[in-house]
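*Asks:* My questions concern the predicted model and sequence given below.
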Amino acid sequence: MRKSQSTRGFRPLKAGVAVAGCTAAVLAGMSAPAFAANTTVVVDPLTAPIGGGTTVTVTGTDAFPSATATVLAGRITTATCPTTYGTTGLAVAVSRTDKDTAEVTLTAGTIPAGTYKVCVYGVASGSTVVSASPIVANGTGLVVSAASTKPTLSNAAGPVAGGNTFTATGAGNYLASATTVGATFSTGDTCPATYTTTGGNTAATTVVKTSASVATITAPAGLTAGSSYKVCLYGGTAANSALLGTAASTYSVLPASSISPSAGGSGLTNTIIISQSALTFPSAPGVIFTSDACPATYTTGATAFAADTISRISGTRLAAKMTADVAMIDSKTTKYNVCVYSNTTDGALILAPATYTVAAPLTVGAVSPTSGPSQGGTRITLAGTGFPSPYDPAKDTLSVSIGGSPLKDIVVNSSTELVGTTTAHTAGSSAVKVTTESGSANSTNSFAYTFGITVTPNTAKQYVAVTNAVNPTLDIVGTGIGNLTYGATVNNSSQPVDVTTGGTSYIFLVDNSWFTTVTGLTTGDARGAGLISQCASPVKIDDDEVICTLMLNNIFDSAASPAYSLLKASATVVPKGSYQLVVVNDTKPVSNTAWVAGTNFSKISSGSVFTVSDF
């Protein structure tokens, strides 16, 4: 009787269950066990990448019968699961799905390759899992390896022509074991276990391992348009190189597109033109701008911004206006993919994305000084906004030009000021154009290239009738002056400066009155006033350089008719003083006495000042 009464209405418990239940009850302050003990469960999937961060499901009949509030914890270990939680193995998170199922999340970090047992522990609701918490379930055969890594592609589409680059970023330093990395584009259902370029596997053009978790891949030419490929990464390019990872998404081969402009200021509502020639745009396409990879179908979100308006210009051209959301991230120059879709609901990506770059909005204001000689060499300062600062020529996009002639020796003082030196350009005025990663902008005022010249030397000792007296040879540099046709040297035999055929050039020493006393270019014109002497016998060195001999031992005869035609018959030396050298580059006389209207005279730069002194 006793035996029957003792067993009526009860199911015998295994010894292991009783022990586990008692331990749990003590920990929870409760009188009944929460779980069965150490149930064998099935792990799915049985593979996971190194580094963790993924989730596997464990399933077993009545393995987790408690209420959903029950606390669970877990570890993975290469040894046998301990009967209590303890410190063996690596901690993992566990959440109960139902009485038969739980999900185990492998903690993100460095989980090394290996074959692991999955151990689940738990106590009743309201309890804390401690080292003495009993085992609830265990599963075997979880293989952690680099081959199970599923790296994310930065841009999962490209043109048929290839040549575009994208990155494959995976968890857990999945490339750490590789000295070099190989990659293939595969049409198979799975990536081959070792590197091969046969059987539907095409080698990437180049692969660069940029870190233990990132590879930069250049897509090859020859992939089939409209097809999708698995991207497989290997620990090298030898035939036995092992698989290190299969990209989480496929790579799509799409027609190429181009955009204009390809850059603009951050947060501006610019409009771009999208062009392509491979298909006819649908009547209502979708366009998004995203700093991430283009989604496979039309999707907007926190980092994917719909175009504000889309205008279909033709079957091959669209105009898309962006919103102010297309802006720099963390105050840094940012690249956005321009993604085009068949519609704005669930449309598929139809073009390989083009890249639009946003940077600090660029403006160019005042230029100082506003003029300089056409041979260059003027140091100018530009005011504006959006200049890259600090400026690294190896990394930053910055060019400055005036009428197409670049500035050299550029220094960026701040995001609102830069300086540079002009290079040679034909005479005339042009805006200063600055180009950065946000595009190009012109200055609000122009810089004028003048007919300036520079002279070496720019001083000489006064000529006196002694044995060491000398007329110096001058080296003159100025844009195009070597191509001029110079007239004969004026001498004491009454030879006129000008010749009746016109088109003759001269190099004169003048004083300031030559520039200020002009009323009209007729006979007796005041341009004759202020002529002092001549630099004789010009010899061309190259297109922009001549040498000549400055005649300091004689001056023009102001009493002659015309007043500026002759040197004095009796030698009169050039007095001490400050003068300027000027190139008269297109002379033609009126009755052999004056220059005609429209005669061009070189404008004078500070470098052409010439001083005659007594030492």
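*Replies:* Yep, that arrived. Numbering: from 1, shown residues only.
*Asks:* can you give me the end-to-end distance of stretch 170-178?
*Replies:* End-to-end span of stretch 170-178 (C-alpha to C-alpha, to the nearest Å): 14 Å.
*Asks:* What residues of that stretch count as buried?
*Replies:* For stretch 170-178, a neighbour-count test (16 or more other C-beta atoms under 10 Å) marks Gly170, Ala171, Gly172, Asn173, Tyr174, Leu175, Ala176, Ala178 as buried. For every residue, glycine as well, the C-beta is placed using N, CA and C.
*Asks:* Widest-spaced pair of those residues?
*Replies:* Ala171 and Ala178 (15.4 Å; C-beta to C-beta).
*Asks:* Now do the helices in the chain.
*Replies:* Using DSSP state H, the helices of the chain run over residues 2-7, 15-28, 513-516.
*Asks:* tell me the mean pLDDT for the second one?
*Replies:* Mean pLDDT, helix 15-28: 35.
*Asks:* And for the first one?
*Replies:* This predicted structure assigns helix 2-7 an average pLDDT of 37.
*Asks:* In CSV: the buried residues of stretch 170-178, plus distance to Ile453.
*Replies:* Shown next, in CSV, are those (distance: C-beta to C-beta, whole Å):
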residue, distance to Ile453
Gly170, 65
Ala171, 67
Gly172, 69
Asn173, 65
Tyr174, 66
Leu175, 62
Ala176, 65
Ala178, 63
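*Asks:* Low-confidence bits of the protein, can you list those?
*Replies:* Residues of the chain meeting the criterion pLDDT under 70: 1-36, 66-70, 124-126, 465-468, 488-503, 514-529, 557-571, 585-607.
*Asks:* coming back round to it: looking at the buried residues of stretch 170-178, which is nearest Lys321?
*Replies:* Looking across the buried residues of stretch 170-178 and measuring by C-beta to C-beta, the closest to Lys321 is Gly170, at 36.8 Å.
*Asks:* The closest one against Ser213, yeah?
*Replies:* Yes: counting by C-beta atoms under 8 Å, Gly170 touches Ser213, with 5.6 Å between them.
*Asks:* Mutual contacts of these two, please.
*Replies:* Counting by C-beta atoms under 8 Å, 6 or more residues apart in numbering, Gly170 and Ser213 have no common neighbour.
*Asks:* Distance of Gly162 relative to Phe185?
*Replies:* Using C-beta to C-beta, to the nearest Å, one obtains 10 Å as the distance from Gly162 to Phe185.
*Asks:* Tell me which of the two has more neighbours.
*Replies:* Phe185 (26 against 19; other C-beta atoms under 10 Å).
*Asks:* With adjacent residues omitted, what lies nearest to that one?
*Replies:* Distance criterion C-beta to C-beta, 6 or more residues apart in numbering; nearest residue to Phe185, sequence neighbours excluded, is Tyr229 at 3.9 Å.
*Asks:* Quickly list what's touching both of Gly162 and Phe185.
*Replies:* Common neighbours of Gly162 and Phe185 are listed as Ala219, Pro220, Leu223 (criterion: C-beta under 8 Å, 6+ apart).
*Asks:* so which of those comes closest to Gly114?
*Replies:* Ala219 (34.1 Å).
*Asks:* Number of residues surrounding the closest one?
*Replies:* 28.
*Asks:* now swap in Ser277 and tell me
*Replies:* Ser277, neighbours per other C-beta under 10 Å, totals 11.
*Asks:* which residues touch it?
*Replies:* Taking C-beta under 8 Å, 6+ apart as the criterion, Ser277 is in contact with Pro255, Thr316.
*Asks:* The chain should start at 32 in everything you say after this.
*Replies:* From this message on, residue numbering opens at 32, which makes the last subject Ser308.
*Asks:* what separates it from Pro286, distance-wise?
*Replies:* The gap separating Ser308 from Pro286 is 8 Å, by C-beta to C-beta.
*Asks:* try Lys492
*Replies:* From Lys492 to Pro286 the distance is 76 Å (C-beta to C-beta).
*Asks:* Kindly report the same for Gly332.
*Replies:* With C-beta to C-beta as the criterion, Gly332 and Pro286 are 25 Å apart.
*Asks:* okay, those two: which has more neighbours?
*Replies:* Just comparing Gly332 and Pro286: by other C-beta under 10 Å the higher neighbour count belongs to Pro286, 17 against 11.
*Asks:* shouldn't the more buried one be in contact with Leu380?
*Replies:* No: assessed by C-beta under 8 Å, Pro286 is found out of contact with Leu380, at 10.8 Å.
*Asks:* excluding its backbone neighbours, what's nearest Thr490?
*Replies:* In space, Thr490 is closest to Thr642, 4.6 Å off (C-beta to C-beta, 6+ apart).
*Asks:* Count the neighbours of that neighbour for me.
*Replies:* 12.
*Asks:* repeat for Gly513
*Replies:* Counted with other C-beta under 10 Å, Gly513 comes out at 17.
*Asks:* same check, this time on Thr365
*Replies:* Residues near Thr365, counting by other C-beta under 10 Å: 17.
*Asks:* again with Lys464
*Replies:* 18.
*Asks:* now do Thr347
*Replies:* 15.
*Asks:* cool, Asn195 as well?
*Replies:* By the measure other C-beta under 10 Å, the count of residues near Asn195 is 17.
*Asks:* Chain neighbours aside, what residue packs nearest to it?
*Replies:* Gly189 (4.2 Å).
*Asks:* Distance-wise, check the one you found relative to Pro384.
*Replies:* To Pro384, Gly189 is 8 Å away according to C-beta to C-beta.
*Asks:* When those two are compared, which one has more neighbours?
*Replies:* Neighbour totals were compared for Gly189 and Pro384, and Pro384 leads with 26 against 23 (other C-beta under 10 Å).
*Asks:* these two touch, right, that one and Val369?
*Replies:* Yes: Pro384 is in contact with Val369 according to C-beta under 8 Å; the separation is 5.7 Å.
*Asks:* residues shared between the contacts of these two?
*Replies:* Ser288.
*Asks:* What are the boundaries of the strands in the stretch 132-281 of the chain?
*Replies:* Remark: strands assigned in the stretch 132-281 of the chain by DSSP state E, counting those that start in this stretch are 132-136, 145-154, 166-176, 183-184, 188-190, 196-200, 213-217, 232-234, 237-240, 245-249, 259-265, 274-277.
*Asks:* Now the first one: buried residues?
*Replies:* Residues of strand 132-136 classed as buried: Thr132, Ala133, Val135 (neighbour count, 16+ other C-beta under 10 Å).
*Asks:* beta partners of the first one?
*Replies:* The residues paired with Thr132 through beta bridges, assigned by DSSP bridges, are Thr90, Asp129.
*Asks:* any idea how far it lies from Met582?
*Replies:* Noted for Thr132: a distance of 107 Å to Met582, by C-beta to C-beta.
*Asks:* about what we covered before: and which of the shared contacts of Gly193 and Phe216 is nearest Thr364?
*Replies:* For the shared contacts of Gly193 and Phe216, the closest approach to Thr364 (C-beta to C-beta) belongs to Ala250, at 24.0 Å.
*Asks:* Quick check: that closest one touching Val191?
*Replies:* No: counting by C-beta under 8 Å, Val191 is not a contact partner of Ala250; they are 9.6 Å apart.
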